[in-house]
Each structure stands twice: as C-alpha cells, then as structure tokens.
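Asker: just coords:
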C-alpha cells in the first residue's frame, strides 16, 4: 500500500509498485508508510520511482558489480525508519517525497515532519550572520571581541596576537577547538551558552579556545560557530531563535523551521524520533543543543530546499530577501579547505555546487545545490548511519538528473598478507596536538584476515560507534564500501609504521598510533 497526497494519481503509482512487489516482504512497514507530496501540478512520479527503486552503493569494487537495491530494502538494512527528500530542479522544488514513519509503530513521515539538521544548522546560521553584515551591524573582518559583551575570546599564545574575525568563524579558519557537540538528553541538565564557551558544568565539552593562529589553516570547528552565536546575541540583544526567524526563516518562507532548544511542546508531535544504528531509540529522546548555531536547527527537507533556492537566486541577482548578490557570491567563494562562508564548495570551476552534511544524535542529513543551473536536493533521516543512505539516494538523483558529480567510486581490491595487516592493528589518535580539544580516537582490529575500523564517523558523545571492514587496494591503502573514505598507513625507511592518514571529505587527517 502507498499513501499519496494527490489522490488522482494513486492508482497509477500503485500499478507500478506491483512491478517490484517481490521486495515488499523486505520491509512491509516501510512501503506501507511511504507518502509523496508535491507543490506543483503534475507529478514526476516516474522520476521518483527511478530514484527510489535502484540505489547503488556509493563505493563499488571493480569486477564485483553490486545489484541495485530499492529504497525500502536499504531502509530495512540500515534500520532507518523515516526519510524525507526534497528535489530542486530548474530553480524550484519539483517534488518532495517522504518514506517510513516518525517512530516505530507511529504516524507516517509527511512533508511537515521535523528533523534535527545537525551541522546543517551552521550554513543556515551563517546566512543570518551575513544578513547582519549586510545591515552593517557586523563586519566580516573586524575583531569579534569589539562586538562581544557577555564573553570575550580569551587571549592565548596560540593566536600570536592576531584577532578572530567573523569571516574566520564562518570559514572554520579561526583556529578554535571543539569539533562537534553531543547534545544533552532530556533527562540531563543542559548548560547556558556561556557555560559551553568556557567548558563549565553541566557542559559536556571542553572550553572553546583558540589553538592555532587565526586565519592560518582550516580546521572544522563547531566551537567557532558557538562563538559566532554569542556575537549575534550580543549585537542584536535578541534570542537566537527569534533573530533567525526574523532574518532568514520569515523572509524565505521556511515555515517549518526553528532553532528553539529544546523543541517546544506544541511542536513535538511533528518531530521524528531519533534512532541508533541498531534501530533502538536514542536514550532520552531528541537531544537538546544550546549550541544552536552549530547544531540546533529543527527543520524539513523542503524548508532547507527553499534555503538552497534563495542562495541560487541571490547568486543570479534575482533575490535579495536575505542576502545581496555580492554577499551570496562571497558565501560561495571557496577558501582554505574549499569552504566558503558556512558552506563547503565542490564540483568543477565551471559548474560548482555548495553542500553540507549534518549529524546529531539519531539524525543525519545531506544538502547539495548547484550554483548555476538550479538543481539540488536535501535528504533528512531519523537514524544514526542514515548519511550512508542519503549518499546513495543523492547518487541516484544525480544519475536521474544528469548531474556531473556524486557518482559511485570504483576501487580495485587486492589481497594482502595477514602478517602485514597485523602491523596496522591498534588505536590511533587524530588531532593529537590540539589540546584542549578532545582527542578523536579510532580503533583498528583484525578478524579473519580482514581489518575492521571503529569510530570513523566521529559522532560526538556516542557510546557505541559503527564498525566498518577495510578493503586493501595496495599494501598500505584501504577503502571502505560504506562511505567515501580511505586509510593510508605510512612507514619509515626501516619499514616501521609511523602514522596513519585518513582521507575523507577532501581532507587528510593524520593519526598517531597509541603505544
């Protein structure tokens, strides 16, 4: 069975579902729970069917072709209960589709279902900050301490006397610690923003401090966006959710978005329930994030699609509801690490796109939009590990709509002597010198002649991290089938292991083996 908001095309879609009814047994509940909503006359249901009935792994092995898998089956395999997609084509939301349920045994996901956006909170908050720049209430290149009142960026030797600017905060080049935030369960007390900034209890993260010279390098930092949030609060004297409603959500028409933390009682029935890797609910329910700018956005796939369209239109000089064309261009101009002002920039020089991913406790999401030709998509999932599914759906969309990017990567697998593999087993610390930032540790074990890596996802505060098998493409380079990531082990001239490099997301992160 399939529930569709346009009843006049119900029988058409049901007839096509019969063609792949053999898959129904894999996930009866997920197929029953599918809904589709569209804001336009005429349903591109053929495109939706092609996108959702033939997903390919984002990483494939040469000479080992993987058969395509329907979305319902992948949701079952990955314990994903709910998923929402909004497709942008030619500058409009061409279709939006929802699959699964808000919670096990509960109501269907629909177009109004709220998901936590995780780190996609950052680029949306960046737009609010840039609007204040446009109003000349802030400057991109002045010392933020001139605007901070309630708290100041502490002086420290690592800064070498250089001030922190808003531009650096938005581009992750300010040199701040604290990569991400685990949030706070409903049963736990949560801190004020000032307590988070100084790492004071009940904050569960370290103090946010400058650990490298501002502007010297790119280093992703949710801590930097938390400092930015305090700047906006001190400048406007308004609560952050109210400020974002006035400057971004209202003008764009994002009617199902809020930074309120925790989510107000009257909105909770609209919210999806977060789940872990094994399909069990996140303990304590949806976490609270006082670090609103970094991780606190509740929204829908369609609202985030409207955000993308606003940027696309502003880049063309066709919209100035929030940002001028000049500021939109600055927002999408890549700097260090290929990051603009809140957004990661990819694609070719002739056909760039902007993107961001998001991971909160039990929620994962992915946003992509091309700058020049009005295409893009937003995918939101209420399950840990949902990013893998989001990537597969994005690959399927890219194939259907002829995008030049987001295609599967093909690796060649070889055999490696187990004695060689044994040298790579152990625990590795990434960012080992970025005190007081908490160390990121991954562990590599060996089972049956195959290496297994745990902790690669770096989900803040998670008690159990997912485990992925590693597959060799050379004696010292390994890839994963579940995500775009490679591990490279570097040895010295004596053949002794020196360190490991994680290649992921266009970044190369060094990991030192613990002794």
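Answerer: That came through, no problem. Model, not experiment: these values are computed from the prediction. Residues are numbered from 1 along each chain as shown.

Asker: which residue sits closest to residue 358, ignoring its sequence neighbours?
Answerer: residue 118 (2.8 Å; CB to CB, 6 or more residues apart in numbering). Just so you know, the C-beta spots here come from the backbone N, C-alpha and C atoms, and that holds for glycine as well.

Asker: measure the one you found to residue 284 for me?
Answerer: Going from residue 118 to residue 284 by CB to CB, to the nearest Å gives 17 Å.

Asker: those two: who's more crowded?
Answerer: Neighbour count, other CB atoms under 10 Å: between residue 118 and residue 284, residue 118 has more, with 29 against 15.

Asker: just to check, that one is in contact with residue 362?
Answerer: No - using CB atoms under 8 Å, residue 118 makes no contact with residue 362, being 10.0 Å away.

Asker: now do the same contact list for the residue lying closest to residue 477 once chain neighbours are set aside.
Answerer: Spatially, and ignoring its direct neighbours in sequence, residue 477 is nearest to residue 488 (5.0 Å; CB to CB, 6+ apart). Applying CB atoms under 8 Å, 6 or more residues apart in numbering to residue 488 gives the contacts 476, 477, 478, 500, 501, 503.

Asker: from these, which land in strands?
Answerer: 477, 478, 500, 501, 503 (DSSP state E).

Asker: which residues touch the residue nearest to residue 358?
Answerer: 295, 357, 358, 359, 360, 363, 364, 365.

Asker: neighbours of the second one, just the number please.
Answerer: To tie it back to what came earlier, the one meant is residue 357. By other CB under 10 Å, 19 other residues sit near residue 357.

Asker: specify the beta-bridge partners of it.
Answerer: Note on residue 357: beta-bridge partners by DSSP bridges are residue 366.

Asker: quick revisit: quick one: the residue nearest to residue 477 is in a helix?
Answerer: No - going by DSSP: H, G, I helix; E, B strand; the rest coil, the assignment for residue 488 is strand, not a helix.

Asker: and the gap between it and residue 499?
Answerer: With CB to CB as the criterion, residue 488 and residue 499 are 9 Å apart.

Asker: now render the contacts of residue 488 as a markdown table, adding pLDDT, neighbour count and distance to residue 187.
Answerer: What follows is the contacts of residue 488, written out as a markdown table (pLDDT from 0 to 100; neighbours: other CB atoms under 10 Å; distance: CB to CB, whole Å):
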| residue | pLDDT | neighbour count | distance to residue 187 |
| --- | --- | --- | --- |
| 476 | 93 | 18 | 45 |
| 477 | 93 | 17 | 44 |
| 478 | 94 | 26 | 40 |
| 500 | 91 | 24 | 37 |
| 501 | 91 | 18 | 40 |
| 503 | 83 | 15 | 39 |
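
Asker: residue 264: which of those is nearest?
Answerer: For those, the closest approach to residue 264 (CB to CB) belongs to residue 503, at 42.0 Å.

Asker: can you tell me which residues contact the closest one?
Answerer: Counting by CB under 8 Å, 6+ apart, residue 503 touches 485, 486, 487, 488.

Asker: list the contacts of the spatially closest residue to residue 409 that is not a sequence neighbour.
Answerer: Leaving aside its sequence neighbours, residue 409 sits nearest to residue 59 (CB to CB, 6+ apart; 5.2 Å). Neighbouring residues of residue 59 by CB under 8 Å, 6+ apart: 408, 409, 411, 479, 480, 481, 482, 483, 484.

Asker: kindly report the same for residue 260.
Answerer: Contact analysis of residue 260 by CB under 8 Å, 6+ apart lists 241, 267, 298.

Asker: quick one: which of those has the most company?
Answerer: residue 298 (27 neighbours).

Asker: tell me how many other residues crowd residue 80.
Answerer: The local packing of residue 80 (other CB under 10 Å) involves 26 other residues.

Asker: secondary structure element holding it?
Answerer: For residue 80, there is no helix or strand it lies in under DSSP states H and E.

Asker: residue contacts, the nearest residue to it once chain neighbours are set aside?
Answerer: Using CB to CB, 6+ apart and skipping residues adjacent in sequence, the residue nearest residue 80 is residue 383, 4.3 Å away. Residue 383 is in contact with 78-82, 274-277, 279, 362-364, counting by CB under 8 Å, 6+ apart.

Asker: for these, give me a markdown table that also has pLDDT, secondary structure and distance to residue 373.
Answerer: Putting the contacts of residue 383 into a markdown table (pLDDT from 0 to 100; DSSP: H, G, I helix; E, B strand; the rest coil; distance: CB to CB, whole Å) gives the following:
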| residue | pLDDT | secondary structure | distance to residue 373 |
| --- | --- | --- | --- |
| 78 | 92 | coil | 31 |
| 79 | 94 | coil | 36 |
| 80 | 96 | coil | 30 |
| 81 | 96 | coil | 34 |
| 82 | 97 | strand | 30 |
| 274 | 98 | coil | 34 |
| 275 | 97 | strand | 36 |
| 276 | 94 | coil | 38 |
| 277 | 89 | coil | 36 |
| 279 | 92 | coil | 38 |
| 362 | 96 | coil | 34 |
| 363 | 97 | strand | 29 |
| 364 | 96 | strand | 27 |
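
Asker: for those, which one is nearest residue 213?
Answerer: Taking the contacts of residue 383 together and measuring to residue 213 by CB to CB, the closest member is residue 364, at 33.1 Å.

Asker: wait, doesn't the closest one sit right on residue 390?
Answerer: Yes - counting by CB under 8 Å, residue 390 is a contact partner of residue 364 at 6.5 Å.

Asker: ok, back up a step: which one of the contacts of residue 118 has the most neighbours?
Answerer: Using other CB under 10 Å as the neighbour test, these are led by residue 295, with 32 neighbours.

Asker: show me what residue 101 bridges to in the sheet.
Answerer: residue 108.

Asker: re earlier: mind checking how far the residue nearest to residue 358 is from residue 182?
Answerer: For residue 118 relative to residue 182 (CB to CB), the value is 12 Å.

Asker: and of the contacts of residue 260, the nearest to residue 215?
Answerer: Nearest to residue 215 among the contacts of residue 260, with distances taken as CB to CB, is residue 241, at 30.6 Å.

Asker: where does this structure dip in pLDDT?
Answerer: The chain contains residues with pLDDT under 70 at 1-44, 65-66, 431-439, 457-465, 482, 505-507, 515.

Asker: could you chop it up by domain?
Answerer: Following automatic domain parsing, one finds the domains of the chain at 116-409, 418-513.

Asker: can you list contacts of stretch 239-246?
Answerer: Contact with stretch 239-246 is made by 124-125, 128, 229, 232-233, 236, 238, 258-261, 292-293, as judged by CB under 8 Å, 6+ apart.

Asker: buried residues in it?
Answerer: 240, 241, 243, 244, 245 (16 or more other CB atoms under 10 Å).

Asker: same question, stretch 316-336
Answerer: Quick answer for stretch 316-336 (16+ other CB under 10 Å): 319, 322, 323, 324, 327, 328, 330, 331, 332, 334, 335.

Asker: from those residues, which land in strands?
Answerer: Per DSSP E, strands hold no members of those.

Asker: ok, those vs residue 147, which is closest?
Answerer: Using CB to CB, the shortest approach to residue 147 within these belongs to residue 327, at 18.1 Å.

Asker: right, and that closest one touches residue 136 too?
Answerer: No - using CB under 8 Å as the test, residue 327 is too far from residue 136 to be in contact (11.9 Å).
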